[in-house]
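Colleague: coordinates only, no sequence provided:
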């Protein structure tokens, strides 16, 4: 997983509340066996509306999405996080998130930033014309207009994102400890290594 320290640039000023995972990526896109290309299906029903923010050229490839309260509610499909990553989104800012979506986002290298509604409203206003920056190390969102909004994050998730460690990476980081344990187990309980009981 690619490390994440700072995300800056244009932010999509979406702002809709109670956006469920079926809106993020409709069910008929779930038949794919790869994550690639899911960004094309992201927010498909929203994109069907003329003048929607997702098809506005000024937000093409924007690495930040600003959403409303309870973002990512609904089913637990991990495809929602995959679709956002395929769009190029590395951070989502909203007043609150579904726990399952937040977990899936984290596992896919997307930072979820929860801020009070008035701060989210301010960022939406600024995002329409100017870039914003999310600094994970300092845990702050800033704008060119001296806005500075601090956010909280679980220390374990923060460290994993900073170091680019997913579940496989975390396991590999413990490679020496795992090898030592397996070596000790082979010496102390050799019957386990052969798949037979001690008497054999």
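Modeller: Looks like it came in fine. Computed from a predicted structure; not experimentally measured.
Colleague: can we go C-alpha only for contacts and neighbour counts from here?
Modeller: OK.
Colleague: surely residue 97 touches residue 72?
Modeller: Yes. Residue 97 is within contact range of residue 72, at 6.1 Å (criterion: Cα atoms under 8 Å).
Colleague: more neighbours: these two, which one.
Modeller: When neighbours are counted by other Cα atoms under 10 Å, residue 72 comes out ahead of the other of residue 97 and residue 72, with 29 against 23.
Colleague: next, count neighbours for the residue lying closest to residue 18 once chain neighbours are set aside.
Modeller: Excluding its sequence neighbours, the residue lying closest to residue 18 (Cα to Cα, 6 or more residues apart in numbering) is residue 70, at 4.9 Å. Residues near residue 70, counting by other Cα under 10 Å, number 19.
Colleague: OK, contacts around residue 70?
Modeller: By Cα atoms under 8 Å, 6 or more residues apart in numbering, the contact set of residue 70 is 17, 18, 19, 94, 95, 96, 97, 98.
Colleague: quick one: which of those residues is most hemmed in?
Modeller: That'd be residue 94 among these, by other Cα under 10 Å, with 25 neighbours.
Colleague: before we move on, what's the pLDDT of that one?
Modeller: Looking at residue 94, its pLDDT is 98.
Colleague: show me what it bridges to in the sheet.
Modeller: residue 114 (DSSP bridges).
Colleague: so what's it up against?
Modeller: By Cα under 8 Å, 6+ apart, the neighbours of residue 94 are 15, 66-71, 112-115, 117, 120.
Colleague: okay, and which of the residues you listed map to strands?
Modeller: 66, 112, 113, 114 (DSSP state E).
Colleague: how about those in JSON lines, adding neighbour count and pLDDT?
Modeller: Converted to JSON lines, the ones in strands among the contacts of residue 94 look like this (neighbours: other Cα atoms under 10 Å; pLDDT from 0 to 100):
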{"residue": "66", "neighbour count": "22", "pLDDT": "98"}
{"residue": "112", "neighbour count": "24", "pLDDT": "98"}
{"residue": "113", "neighbour count": "23", "pLDDT": "98"}
{"residue": "114", "neighbour count": "19", "pLDDT": "98"}
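Colleague: ok, so of the residues you listed, who is nearest residue 35?
Modeller: For these, the residue nearest residue 35 by Cα to Cα is residue 112; the value is 19.9 Å.
Colleague: residues in contact with the host helix or strand of residue 177: which ones?
Modeller: Residue 177 is located in helix 175-188, with elements delineated by DSSP states H and E. Contact with helix 175-188 is made by 192, 193, as judged by Cα under 8 Å, 6+ apart.
Colleague: any idea of the mean pLDDT for the very next helix or strand once past that helix?
Modeller: Using DSSP H and E, the helix or strand that follows helix 175-188 towards the C-terminus is helix 190-193. Confidence for helix 190-193, expressed as mean pLDDT, is 80.
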